[in-house]
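# this one's sequence-less:
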């Protein structure tokens, strides 16, 4: 790389953000950090600003932004501090930024990620909700404004690596793809007796056997809603109909996903379960750079297992497939209800098994419409959140 590429990190204090900074730290000659953002973690963002000296820092929370501004001024750091959604959208579209890591968790990441696409950036997409909520609008923006969209989720990055480079313009049929196979570990409750699931604790749900992730994503992995959202994301990323996307439970998380071709060939991407691999791939693509991840020793690998997902054990996965089939705002409603339900579980207001019940109820109660505009998506999101919240309150008040 002849010139240092400017990078904005949306969600820099989360697990993806921290992993991204680790890769950037190893390649300071090729990249420079232009902007860092966080929600409320003032101390975490302050320490990152001290090390990486960005031009901008953004706190989604306005009060947190004031605290960060005071900390940086006291430390003699000339970092411009912005606040709120306006600040996030601004740093996503900065002219000095070439690449934007979209790693804000949940629906909160939609607008700044969309701003990056509309600014024609290389978008490193770790925020799957942008496509789940607004797939048609987001992909239209990518094409209209000439953005580059590179997936960071390990599964989608694996699929991307297993496809020929011209699939984006030619389509899956033209390159001979039969199926996309998304692998998932099955999370911590893959073999837990069903009658015990209603009593699982928060700590148990957040203890992923293979990956180090934030609490919300860890719970989504435990319910396999994360895999359901990934199915919807894969539909938009790769132009694949639901009938050609399958989920395979693979407990070892060594094969990150596979692509099956019409001639019977199956290409798989393998690696240790470390998010620095897809991050490094997307930063360097179409080249490669060192990620810091340990290399696989095939002589020491345990046997690799593959199973069909149990849709009785994982009803959220079934709900996600159903929402994709319905289309329109159904995936938006699914995602919003899940975010509300997971937050309630994290606050220990509902049981683990109630997460799927909240999502199912909300999908039944909120009408689905065509994705006509961003305003329609945000309205569906708000209505779904209100519906899910009301049901949770009603159910818990009866206990």
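Nice, thanks for sending it over. Quick caveat, the model's predicted, so the values are computed rather than measured.

# who touches residue 257 in this structure?
Residue 257 sits next to 154, 155, 156, 158, 159, 162, 180, 181, 182, 183, 268, 269 when contact means Cβ atoms under 8 Å, 6 or more residues apart in numbering. Just so you know, the C-beta spots here come from the backbone N, C-alpha and C atoms, and that holds for glycine as well.

# Next, the fifth one: phi, psi?
Phi and psi for residue 159, reported as degrees, to the nearest 10, are phi -60, psi -50.

# Please enumerate the strands of the protein.
Counting by DSSP state E, the chain has strands at residues 5-10, 31-38, 56-59, 80-83, 99-102, 122-125, 148-151, 177-184, 245-249, 255-261, 266-270.

# so what does the first one touch, helix or strand wise?
To tie it back to what came earlier, the one meant is strand 5-10. Where contact means 3 or more Cβ pairs under 8 Å, 6 or more residues apart in numbering; DSSP states H and E, strand 5-10 is packed against helix 15-26, strand 31-38, helix 84-92, strand 99-102, helix 110-118.

# Parallel or antiparallel, which strands does that strand pair with?
The pairing partners recorded for strand 5-10 under DSSP bridges are strand 31-38 (parallel), strand 99-102 (parallel).

# How about the third one?
Looking at strand 56-59 with DSSP bridges, its partner strands are strand 31-38 (parallel), strand 80-83 (parallel).

# Low-confidence ranges, the chain, go.
Low-confidence segments of the chain (pLDDT under 70): 1-2, 208-213, 398-399.

# Dump the strands paired with strand 56-59 to JSON lines, plus distance to residue 348 and mean neighbour count.
Converted to JSON lines, the strands paired with strand 56-59 look like this (distance: least, Cβ to Cβ, whole Å; neighbours: other Cβ atoms under 10 Å):
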{"stretch": "strand 31-38", "distance to residue 348": "25", "mean neighbour count": "25"}
{"stretch": "strand 80-83", "distance to residue 348": "30", "mean neighbour count": "18"}
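
# Out of the ones you listed, flag the one nearest residue 5.
Checking the strands paired with strand 56-59 against residue 5 by Cβ to Cβ gives strand 31-38 as the closest, at 5.2 Å.

# circling back to that earlier point, closest to residue 389 out of the strands paired with strand 5-10?
Judging the strands paired with strand 5-10 by Cβ to Cβ, what sits closest to residue 389 is strand 31-38, at 25.3 Å.

# could you check the angle helix 110-118 makes with that closest one?
In terms of direction (axes from the mean of the first three to the mean of the last three Cα atoms, to 10 degrees), strand 31-38 departs from helix 110-118 by 150 degrees.

# Number the chain from 889, please
Got it, first residue is 889 now, which makes that one strand 919-926.

# So what touches strand 919-926?
Contacts of strand 919-926 (Cβ under 8 Å, 6+ apart): 889, 892-902, 905, 909, 912, 932-933, 936-937, 940-948, 952, 975-976, 979, 982, 984-985, 987, 992, 1000, 1171.

# for stretch 1261-1281, same thing?
For stretch 1261-1281, with Cβ under 8 Å, 6+ apart as the criterion, the contacting residues are 995, 998, 1002, 1021-1022, 1025, 1217, 1220-1221, 1223-1225, 1227-1229, 1232, 1237-1238, 1242, 1246-1247, 1249-1250, 1253-1254, 1256-1259.

# Cool, thanks, signing off.
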